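In: next input, structure requested:
(4 chains)
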Protein chains: 2
Amino acid sequence: MQQPRGTRVRGTRQAEALAAALASLPGFCSAQEIHAELRRRGEHVGLTTVYRHLQVLSEQGSVDMIRDASGETLYRQCATTVHHHHLTCRSCGRSVEVEGRVVEQWAEKVAAEAGFTSVDHTVELFGLCPVCSGG
Amino acid sequence: MQQPRGTRVRGTRQAEALAAALASLPGFCSAQEIHAELRRRGEHVGLTTVYRHLQVLSEQGSVDMIRDASGETLYRQCATTVHHHHLTCRSCGRSVEVEGRVVEQWAEKVAAEAGFTSVDHTVELFGLCPVCSGG
DNA sequence: CTGATAATGGAAACGATTATCATCTTATCC
DNA sequence: GGATAAGATGATAATCGTTTCCATTATCAG
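Out: The predicted structure follows:
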């Protein structure tokens, strides 16, 4: 099996620990939170390595990456490789993947009308989940 | 500087210089770019002050604020106070305000179905404008 | 086992933004 | 007109998430 350079081919202890941590975290977390989670589990993984892996995984589409209101980057293991958006709880970080065909169509239409090309879109929904709503 | 008295509500020299600069910039710019533009015009306005004003204006709804792919915050004078979104050129920063009733309705529907409350949404479109498309 | 090479991680660098605080403006009162 | 209080300004330092550096360590093929 030949892999292109720069991709993670070697199965390292750190990569697995990170994968395990990601799998256990239910919602979006910052790189630093993930790093803390690893430390909590007794796994020594450098912060640099966490960032590095997260970046690669995100490029590969294995994790979703969003930005919260303060500009911090949050990551989450993603269930599907199909394009989707998120409805994330502002309070606990838990999130739901939502299908957004309507939005995609809207984006394309709007872009075409304005003569724009290579259009990409960012759509994120933040709110309070049923639990955190206290209802 | 011989300014007529009684204009205290309208602000200071710096505030006006900033307003003028914003009015002349066609697209989204970072605070630092706006600061540079002011310096170019010969106006001495501290970077701190630029940030301070931008923040206030943004809270007032007088300027729109978005975040680009690298996480930098961009500002633009906004034409209307009505809720809207932007289709921004990745290359030159010029942008078009687009109406997004469809998106709002979609966001509300999705949120309601998931039981989320206090839902807020972020929707930004980035692409290449007709000019930068090279067409 | 051994050498080649990729991966790691602590420390330093970075860059946008924010906080600090002394100084300068402006407005109001006398 | 001048004193004075209130507020705005801005150079500098501090913050903080993220990246870069680079010496060290781990992994894999032969």
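In: all the strands of chain A, residue numbers only.
Out: Assigned by DSSP state E, the strands in chain A fall at A:29-30, A:63-67, A:73-77, A:85-89, A:95-98, A:117-128.
In: could these go into a markdown table alongside mean pLDDT and mean neighbour count?
Out: In this view, the C-beta of every residue, glycine as well, is placed from N, C-alpha and C. Shown next, in a markdown table, are the strands of chain A (pLDDT from 0 to 100; neighbours: other Cβ atoms under 10 Å in any protein chain shown):
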| stretch | mean pLDDT | mean neighbour count |
| --- | --- | --- |
| strand A:29-30 | 96 | 17 |
| strand A:63-67 | 94 | 18 |
| strand A:73-77 | 95 | 20 |
| strand A:85-89 | 94 | 23 |
| strand A:95-98 | 92 | 19 |
| strand A:117-128 | 94 | 19 |
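In: residue B:90: which of the ones you listed is closest?
Out: With Cβ to Cβ, the closest approach to residue B:90 among the strands of chain A belongs to strand A:117-128: 7.5 Å.
In: next, the angle from that closest one to strand A:73-77.
Out: Strand A:117-128 and strand A:73-77 meet at an angle of 90 degrees, taking axes from the mean of the first three to the mean of the last three Cα atoms, to 10 degrees as the criterion.
In: one step back: can I get the strands of chain A in CSV with distance to residue A:49?
Out: What follows is these, written out as CSV (distance: least, Cβ to Cβ, whole Å):
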stretch, distance to residue A:49
strand A:29-30, 15
strand A:63-67, 15
strand A:73-77, 14
strand A:85-89, 26
strand A:95-98, 25
strand A:117-128, 27
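In: between the ones you listed, which gets nearest to residue B:15?
Out: strand A:63-67 (29.7 Å).
In: neighbouring strands of the closest one in the sheet, and parallel or not?
Out: strand A:73-77 (antiparallel) (DSSP bridges).
In: the strand it pairs with vs strand A:85-89, what angle?
Out: Orientation of strand A:73-77 against strand A:85-89 (the same axes, to 10 degrees) gives an angle of 110 degrees.
In: quick one, domains of chain A?
Out: Here the domain assignment for chain A is A:1-80, A:82-135, based on automatic domain parsing.
In: OK, contacts around residue A:11?
Out: By Cβ atoms under 8 Å, 6 or more residues apart in numbering or on different chains, no residues touch residue A:11.
In: what's the answer for residue A:54, then?
Out: A:18, A:31, A:34, A:63, A:65, A:75.
In: could you dump those residues to a markdown table with distance to DNA strand D?
Out: Shown next, in a markdown table, are these (distance: Cβ to the nearest atom of the strand, whole Å):
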| residue | distance to DNA strand D |
| --- | --- |
| A:18 | 14 |
| A:31 | 4 |
| A:34 | 9 |
| A:63 | 13 |
| A:65 | 9 |
| A:75 | 9 |
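In: what's the farthest-apart pair in these?
Out: Longest span within those, Cβ to Cβ: A:18 and A:65, 14.5 Å.
In: residue B:92 is nearest to which of the strands of chain A?
Out: strand A:117-128 (13.4 Å).
In: so what's the gap between that closest one and the chain middle?
Out: Relative to its parent chain, strand A:117-128 has a centroid offset of 13 Å by Cα atoms, centre = their mean, to the nearest Å.
In: so what's the gap between stretch A:42-50 and the chain middle?
Out: Mean-position distance between stretch A:42-50 and its chain equals 18 Å (Cα atoms, centre = their mean).
In: so which bits of it are buried?
Out: Using 16 or more other Cβ atoms under 10 Å in any protein chain shown as the burial criterion, the residues of stretch A:42-50 that qualify are A:43, A:45, A:49-50.
In: JSON lines for these, including distance to chain B?
Out: Output for the buried residues of stretch A:42-50, formatted as JSON lines (distance: Cβ to the nearest Cβ, whole Å):
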{"residue": "A:43", "distance to chain B": "28"}
{"residue": "A:45", "distance to chain B": "24"}
{"residue": "A:49", "distance to chain B": "21"}
{"residue": "A:50", "distance to chain B": "18"}
